[in-house]
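Participant: quick one, fold the following:
(one chain, ligands or ions: 2)
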Amino acid sequence: MKNLTILGSTGSIGVSTLDVVKAYPDMFRVVALTAGNNLELLKTQIETFRPNLVSVLTAEKAQALSRSLTGKKPEIMHGVEGMIAAATASETTMVVAAIVGAAGLVPTTAAIMAGKDVALANKETLVTAGHLVMQMVREKKVKLYPVDSEHCAVFQSMAGHRSQDISRVILTASGGPFLNWGREKLQAATVADALNHPNWSMGRKITVDSATMMNKGLEVIEARWLFDIPVQRIGVNIHPQSIIHSMVEYVDGSVMAQLGTPDMKGPIAYALTYPGRVPSGVKALDLTALSGLTFFKPDTDRFPALQLAYRAADAGESMPAVMNAANEIAVEAFLGGRIGFMAIAEAIEKVMDLHEPHTLASIEEVLEADRWGRRTAKEVLGVGC
Ligand code: NAD
Ligand code: MG
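Facilitator: Numbers count the residues shown, from 1 in each chain. Ligands and ions are numbered 1, 2, ... in the order given. Here you go, the predicted structure:
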C-alpha cells in the first residue's frame, strides 16, 4: 500500500492522479491533499478519498471549507505551513508534486527532506533549484519519478542502458496551437487562441507555456537535472502528433523512444507504480489509424522563448530561476489581457538582460532570486506590483 500526499489535487495533474488512484483502492491510500482556490472540487475529493489532512491557500478558505463539510472532517490547514505539513505527513510515503509554478518549490523540497519519494509534475522545482534539489535527493536517498510525459519517456528509454553510452536526449514538442502561425498573426493571438491546445488538456499556465514553447525550454532544464546531461546534448524536435513522447540516442546510433496515446494518466500511473505497470485508462495506441508521424526543427524566430531557456541554462546559477519568475508574471499578464502574446518572451528577455547571475546556495536564496525576477518583470511590463 502506498500512502500518498497530492500537492495541487484540484489541478489537471491532481485530478488525473486521483482518477488513477481511485481505480486501485488496494494499492493507494490518500493521506493528504492541498488545493488553491477550488473548494467545491476539494470538498468532493475529501468526501471520496477521506484524507487525514487538507490544506488550502488562506485562513478564510480553510474556514469556508470547514463550514461546508459535514460528518468527520480532516484536519484543515492553510498557506505554506499547511502545504509543508501535507508534504511531510508522517504516514505519507510518496508525494505527488502537482502545484503549478515556483509555488511548488518549498513543499516539494520539504517532502524530499522528510525522506518521501516524489512523483514530480512541478517542473519549476527543478528549473529554479535543480542543483539543490538533486543534492537533497541524493543525500536523503529518495526516489524522484518524472511525471512530465517527455521525462517519463526519457526515463523509460534509459532503462537497461548505461548513462555513459547516451549521446543525445531528444525531447519532442507538439508545437502547440500556433505551430503554423506567422509572426504577424502571433502578435494578435488571443488568450482563447493560446488556450486551444491541439493534443493535451492541461492547466492554463502550462498551456500558454506550450504556445510560447517556454514549456519545452523549462523541460530542457528539467531534463538536464533529472538525467545529469548537459543542455548542449538535449535537443528538441517538433512532433505535432504527440505520439513519440521523447527519445534517447546512444553512441552506436540506436535511438530508444517511448510511444503512446497522449494522456497524462500514463506517466502518472508509471510514476505511482514503478517498476510495475497497471492499466492506466490510456487508450491503446493504433499506429495504423494515424496518417503519419512527422518531425521538424523548432522555429526560434517565432518562438524565442525556447532559446531564452537555453541561454538561461548556459548562464546557470540564478538565471533559470529569474527566467522562470519573469515567465510566470508575463503569462499571468497575458492571461489577464494586459499584454500581447509576443510580449511574453520580450519581457522575459528584458528581465534576463537586467540580471547578473549569482550563486544560489539555499532554497531561501532561490526564493529571493524568484522575488527579484517577479519584481523586475512587473517593472518591465508596467503592470501593478
Ligand atoms: P493546474 O493549474 O491545472 O493545477 C495547479 C494546482 O496547483 C491546482 O490544484 C491549484 O489549486 C494549485 N495551486 C496553484 N497555485 C498555487 C499556489 N500559489 N499555492 C498552492 N497551490 C497552488 O496545473 P497543471 O496543469 O495540473 O500543472 C501542474 C504542474 O504539472 C505544473 O508545474 C505543470 O508544468 C506540470 N505538468 C502538467 C502537465 C499537464 O498535463 N497538465 C503535464 C506535464 C507537467
Ligand atoms: Mg511535458
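Participant: and the residue of the stretch 101-250 of the chain found nearest ligand 2, what pLDDT?
Facilitator: For the stretch 101-250 of the chain, the residue positioned closest to ligand 2 under C-beta to the ion is residue 148, at a distance of 4.2 Å. Yep, even glycine has a C-beta here, placed from its N, CA and C like the rest. You'll see residue 148 listed with a pLDDT of 98.
Participant: with adjacent residues omitted, what lies nearest to it?
Facilitator: The shortest distance from residue 148 to any non-neighbouring residue, by C-beta to C-beta, 6 or more residues apart in numbering, is to residue 123 (5.7 Å).
Participant: any idea how far the one you found is from ligand 1?
Facilitator: When distances are taken as C-beta to the nearest ligand atom, to the nearest Å, residue 123 and ligand 1 turn out to be 5 Å apart.
Participant: and residue 61, by the same measure?
Facilitator: Separation of residue 61 from ligand 1 (C-beta to the nearest ligand atom) stands at 10 Å.
Participant: please apply the same query to residue 227.
Facilitator: In this structure, residue 227 and ligand 1 are separated by 16 Å, where distance is defined by C-beta to the nearest ligand atom.
Participant: check residue 110 too.
Facilitator: If you measure residue 110 against ligand 1 using C-beta to the nearest ligand atom, the figure is 13 Å.
Participant: next helix or strand past the host helix or strand of that residue?
Facilitator: When elements are assigned from DSSP states H and E, residue 110 belongs to helix 105-113. Secondary structure here is assigned by DSSP H and E; on that basis, the next helix or strand after helix 105-113 toward the C-terminus is strand 117-120.
Participant: parallel or antiparallel, which strands does whichever strand or helix holds residue 3 pair with?
Facilitator: Residue 3 belongs to strand 2-7 when assigned by DSSP H and E. Using DSSP bridges, the strands paired with strand 2-7 are strand 28-34 (parallel), strand 94-97 (parallel).
Participant: before we move on, the earlier item: report the angle between the axes of the helix holding residue 110 and strand 28-34?
Facilitator: Direction vectors for helix 105-113 and strand 28-34, defined by axes from the mean of the first three to the mean of the last three C-alpha atoms, to 10 degrees, enclose an angle of 140 degrees.
Participant: give me the contact list for helix 105-113.
Facilitator: Outside helix 105-113, the residues within contact range by C-beta atoms under 8 Å, 6 or more residues apart in numbering are 5, 7, 34, 80, 83-84, 86-88, 92, 95, 97, 99, 118, 120, 122, 124-125, 128-129, 132-133, 136-137, 140, 142, 144, 363, 366-367, 370.
Participant: give me every residue that touches residue 340.
Facilitator: Taking C-beta under 8 Å, 6+ apart as the criterion, residue 340 is in contact with 187, 188, 189, 334.
Participant: elements contacting the one helix or strand in the chain whose mean pLDDT sits lowest?
Facilitator: When the helices and strands of the chain are compared on mean pLDDT, DSSP states H and E, helix 183-187 comes out lowest with a mean of 95. Counting contacts by 3 or more C-beta pairs under 8 Å, 6 or more residues apart in numbering; DSSP states H and E, helix 183-187 packs against helix 342-354.
Participant: quick one: the nearest residue to residue 84 once chain neighbours are set aside from residue 33, how far?
Facilitator: Ranked by C-beta to C-beta, 6+ apart and with sequence neighbours excluded, the top spatial neighbour of residue 84 is residue 110, at 4.5 Å. Applying C-beta to C-beta, to the nearest Å, one obtains 16 Å for the distance of residue 110 from residue 33.
Participant: who's more crowded, those two?
Facilitator: The residue with more neighbours, out of residue 110 and residue 33, is residue 33; 27 against 20, by other C-beta atoms under 10 Å.
Participant: these two touch, right, the more buried one and residue 11?
Facilitator: No - assessed by C-beta atoms under 8 Å, residue 33 is found out of contact with residue 11, at 11.3 Å.
Participant: count of residues packed around residue 289?
Facilitator: Neighbouring residues of residue 289 were enumerated by other C-beta under 10 Å; the total is 6.
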